[in-house]
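In: Whatever this is, show me its structure:
(chains A and B)
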Amino acid sequence: MSTSGNIMKCDDYKQAIAADPAESFADGAGHVAACSSCADYKAEMLALDESIAKALSFDVSGLRMPELPELDGEDENVVNLPFKRKARITMPSWVGIAAGFALAAFLGVQFLATDITTDADKDQLLAAQVLAHLDHEPQALLPTNAVVAKERLAAVVNDDVGTMDRNIGLVTYAMSCVINGRTIPHLVIQGEKGPITLLLMPDEMVSMPVPLMGESINGVILPVGNGSIAIIGRRDERLDEIKERVMNSVEWSI
Amino acid sequence: MNNSLANVARKQRFNRVVSVLHKDLYRYATWLCRDPGIAEEVVQEALLRAWKSLDALREDDAAKPWLLTIVRRENARYFERKRLETVDIDNLTPAQSAMLAETEDPNLGVMRQAIFRLQDDYREPLVLQVLMGHSTKEIAELMGINPGAVLTRLHRARIKLKDEVAKEDAQ
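Out: Numbering: from 1, shown residues only, chains lettered A, B, ... in the order given. Model prediction:
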């Protein structure tokens, strides 16, 4: 029985110590010093944790490092970009861009094996990397109403990237991902037909809007200041309104 | 700096960053997927990805969460690619059985089986906290959930383990 005279406090303590036996939460030490029941419970949890730690740390031997490939060729594929500058995002003149880019974007992975010489080649290389990345994070595209916590969003869209206002919509997925060797925010908002992926790439320029078409997707990489933003939804999603909203909601850092 | 010198420096940095964490990355992957064989593949692939994007790691001090994130994603990719079913405790592969039976200490064996049986959502934060020494905030960031949810899962995980061990002791 608690000596503190407050059973709720004991319950709270027991819940907290079972989640964090190192007792890094506030007021824990004070409570346990005055409550023998909770002191016993803490001792029990510490013993349990010792046993858990032993069980988790199984013996590991004979691990091998992977064969590391030379990266000379891949370095040549990295587009060298100018340093960032303050860029107020404006709507690009993406309307009317030839649909011929669509197939090239979808098959863009071929460009990985060839010399990258023109802006269009670089655009297609980036398109291929964007599509490959989407393929690698299918869990991001689960329909959900769970909104990402403000703190997490701030950590992903941090000062190095820029600012993003609430008008962009409810963000249901936020992860720092790597595209073209650079860490960028990967966000998902919910569109009319399902999840819409946004990749904010402040350092990846494209020379013009690059359509991204696939069997089940409809998207585009839009040039935005000295960077670009990829917007990808379901094949039947109408992106016009979303493009405008995204463009008006994001501003790159200096 | 010419290419070969740059490569040597890059490899040295990679080895420095990875060598101290390699075993724990493997343990983390093993508890994540509950299969030592798959974990080895996952970690190998993850390290290759890390090698290719090493430049994205700005500070070596941030290597641990960076590598754990890559291993975590690689594990998800592996299961997505292979469309694997979740592991059934009653139908273990030889590698899984060997992992659980590795110890001669019966109490440790019981605990290992209990951890093995935990739901993924409970097991992962427990491994990150106890094995990897992560704070609640770090676990929340890595798993993309809020700190309150992490604490709830950790609490439930320990209560389940405590109950499982008590049940075994009673038998």
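In: Residue A:32 belongs to a strand, doesn't it?
Out: No: read with DSSP: H, G, I helix; E, B strand; the rest coil, residue A:32 is helix and lies in no strand.
In: mind showing which ranges of the stretch 101-250 of chain A have poor pLDDT?
Out: A:101-118, A:136-145 (pLDDT under 70).
In: Strands along that one, start to end?
Out: A:162-164, A:171-179, A:182-190, A:195-201, A:210-213, A:217-224, A:227-234, A:250-252 (DSSP state E, counting those that start in this stretch).
In: Okay, now the sheet partners of the first one, with direction.
Out: I take that to be strand A:162-164. Sheet pairing here is set by DSSP bridges, and for strand A:162-164 it gives strand A:250-252 (antiparallel).
In: Chain B versus the residue nearest the centre of chain A, what's the distance?
Out: When CA atoms, centre = their mean is applied to chain A, the residue found nearest the centroid is residue A:175 (1.7 Å). Using CB to the nearest CB, to the nearest Å, we find residue A:175 at a distance of 7 Å from chain B. Using the backbone N, CA and C atoms, a C-beta is placed for each residue, glycine as well.
In: Next one: the nearest residue to that residue once chain neighbours are set aside from residue B:127, what distance?
Out: Distances taken as CB to CB, 6 or more residues apart in numbering or on different chains place residue A:186 nearest to residue A:175, at 4.8 Å, with adjacent residues excluded. Distance, residue A:186 to residue B:127, using CB to CB, to the nearest Å: 24 Å.
In: now residue A:188
Out: Between residue A:188 and residue B:127 the distance is 26 Å, computed by CB to CB.
In: what's the answer for residue B:154, then?
Out: Using CB to CB, residue B:154 is found at 11 Å from residue B:127.
In: Give the residues shared as contacts by these two.
Out: Contact criterion CB atoms under 8 Å, 6 or more residues apart in numbering or on different chains; no residue bridges residue B:154 and residue B:127 by contacting each.
In: Next, residue A:60: phi, psi?
Out: Here is the backbone geometry of residue A:60 (degrees, to the nearest 10): phi -120, psi 120.
In: from what I can see it touches residue B:25, true?
Out: No: the pair residue A:60 / residue B:25 is not scored as a contact, 10.0 Å apart, by CB atoms under 8 Å.
In: The two: which has the busier surroundings?
Out: residue B:25 (24 against 14; other CB atoms under 10 Å in any protein chain shown).
In: what's the top helix by length along chain A packed up against?
Out: Counting by DSSP state H, the longest helix found in chain A is helix A:36-56. When contacts are defined as 3 or more CB pairs under 8 Å, 6 or more residues apart in numbering or on different chains; DSSP states H and E, helix A:36-56 packs onto helix A:7-19, helix A:28-33, helix B:106-117, helix B:147-170.
In: 6 Å instead, please
Out: Packing partners of helix A:36-56 (3 or more CB pairs under 6 Å, 6 or more residues apart in numbering or on different chains; DSSP states H and E): helix A:7-19, helix A:28-33, helix B:106-117.
In: is chain B contacted by the second one?
Out: No: using CB under 6 Å from any CB of the partner chain as the criterion, no contacts between helix A:28-33 and chain B are found, and the smallest distance is 12.9 Å.
In: mean confidence for that helix?
Out: Summarised as a single mean, pLDDT over helix A:28-33 is 84.
In: what's the neighbour count on residue A:165?
Out: By other CB under 10 Å, 10 other residues sit near residue A:165.
In: With residue B:108 instead?
Out: Residue neighbour count, defined by other CB under 10 Å, stands at 16 for residue B:108.
In: so how far is chain A from it?
Out: According to CB to the nearest CB, residue B:108 stands 6 Å off from chain A.
In: show me the contacts for that residue.
Out: By CB atoms under 6 Å, 6 or more residues apart in numbering or on different chains, the contact set of residue B:108 is A:54, A:55.
In: mind checking pLDDT for it?
Out: 87.
In: for chain B, where's the lowest mean pLDDT among helices and strands?
Out: Within chain B, no helix or strand scores below helix B:94-100, which has a mean of 70 by mean pLDDT, DSSP states H and E.
In: who does that one touch, helix- and strand-wise?
Out: Applying 3+ CB pairs under 6 Å, 6+ apart, one finds that helix B:94-100 contacts helix B:36-52.
In: How about the residues of chain A by chain B?
Out: Residues of chain A lying close to chain B (CB under 6 Å from any CB) are A:15, A:18-19, A:48, A:51-56, A:58, A:60, A:63, A:66, A:68, A:72, A:136, A:138-139, A:149, A:178, A:181, A:183.
In: What strand or helix carries the residue minimising distance to the centre of chain B?
Out: Against the mean C-alpha coordinate of chain B, by CA atoms, centre = their mean, the closest residue is residue B:28 at 1.9 Å. Secondary structure from DSSP states H and E places residue B:28 in helix B:22-33.
In: Any part of that helix near chain A?
Out: Yes: judged by CB under 6 Å from any CB, helix B:22-33 and chain A are in contact via B:22, B:23, B:26.
In: Residues contacting that helix, please?
Out: So helix B:22-33 is contacted by A:60, A:63, B:36, B:39, B:42, B:43, B:67, B:71, B:75, B:127 (CB under 6 Å, 6+ apart).
In: Let me see the contact set for the residue of the stretch 51-200 of chain A found nearest chain B.
Out: Ranking the residues of the stretch 51-200 of chain A by distance to chain B (CB to the nearest CB) places residue A:55 first, at 4.0 Å. Counting by CB under 6 Å, 6+ apart, residue A:55 touches B:108, B:111, B:112, B:115.
In: do the same with residue A:219
Out: Residues near residue A:219 by CB under 6 Å, 6+ apart: A:212, A:231, A:232.
In: picking up where we left off before, out of the helices and strands packed on helix A:36-56, which gets nearest to residue B:149?
Out: Across these, residue B:149 has its closest neighbour in helix A:7-19 (10.8 Å, CB to CB).
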